[in-house]
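Enquirer: sequence and predicted structure, then a few things I'm wondering about:
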Amino acid sequence: MLFMLIVKASKNSEGNNLPNPELMDAMTKYNQELVQAGVRVMAKGLHPTSNGMRLSFPEPGGKPVVTEGPFPNTNELIAGFILIDVKSKEEAIEWAMRMPDPQGYGEGQIELRQVFE
């Protein structure tokens with residue numbers, strides 16, 4: 001079963017601030033554990049939305065409207081993701097619970113979602 005651990009953005013990540021060395025070490029260790037367990041498929045961080053754009057479709061069948069970043073409401077944005085392949089939802093939850101606070105400073109938030117296969 002594929003699950004995505006979606007790391008929500010924060011003011012810190014949207015400010016293009018790199019995590020402190022302790023958090024970087026903790027995340028590296030966590031990712032190594034995922035690899036050693038054979039469950040990690042992919043893990044990537046995303047550039048802040050100031051480097052992105054959003055396409056919206058205001059009219060059915062119409063052309064998309066492009067909006068350049070940055071975007072407001074950091075709590076609704078994504079800073080990165082980890083894709084894992086596990087045997088059950090319970091196992092996915094266990095792995096999610098082991099992830100260090102991905103933003104540090106008590107700002108981290110992870111959304112766990114099953115991927116359609």
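Expert: Noted; the coordinates are in hand.

Enquirer: list the residues that contact residue 105.
Expert: 10, 12 (CB atoms under 8 Å, 6 or more residues apart in numbering). Every C-beta, even on glycine, is put in place using the N, C-alpha and C of the backbone.

Enquirer: would you mind giving the secondary structure of it?
Expert: Secondary structure state of residue 105, per DSSP: H, G, I helix; E, B strand; the rest coil, is coil.

Enquirer: need the phi and psi values for it.
Expert: phi 60, psi 20 (degrees, to the nearest 10).

Enquirer: quick one, strands of the protein?
Expert: For the chain, the strands identified by DSSP state E occupy 2-8, 40-45, 53-56, 65-68, 78-85, 110-114, in order along the chain.

Enquirer: in CSV: those strands, plus distance to residue 19, mean pLDDT and mean neighbour count.
Expert: Below are those laid out as CSV (distance: least, CB to CB, whole Å; pLDDT from 0 to 100; neighbours: other CB atoms under 10 Å):
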stretch, distance to residue 19, mean pLDDT, mean neighbour count
strand 2-8, 11, 97, 19
strand 40-45, 9, 96, 14
strand 53-56, 25, 96, 10
strand 65-68, 26, 96, 10
strand 78-85, 10, 96, 19
strand 110-114, 15, 97, 14
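
Enquirer: how about CSV for those, with distance to residue 99 added?
Expert: Output for those, formatted as CSV (distance: least, CB to CB, whole Å):
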stretch, distance to residue 99
strand 2-8, 7
strand 40-45, 11
strand 53-56, 27
strand 65-68, 31
strand 78-85, 8
strand 110-114, 6
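
Enquirer: among those strands, which comes closest to residue 31?
Expert: Closest approach to residue 31 among the strands of the chain (CB to CB): strand 40-45, 5.7 Å.
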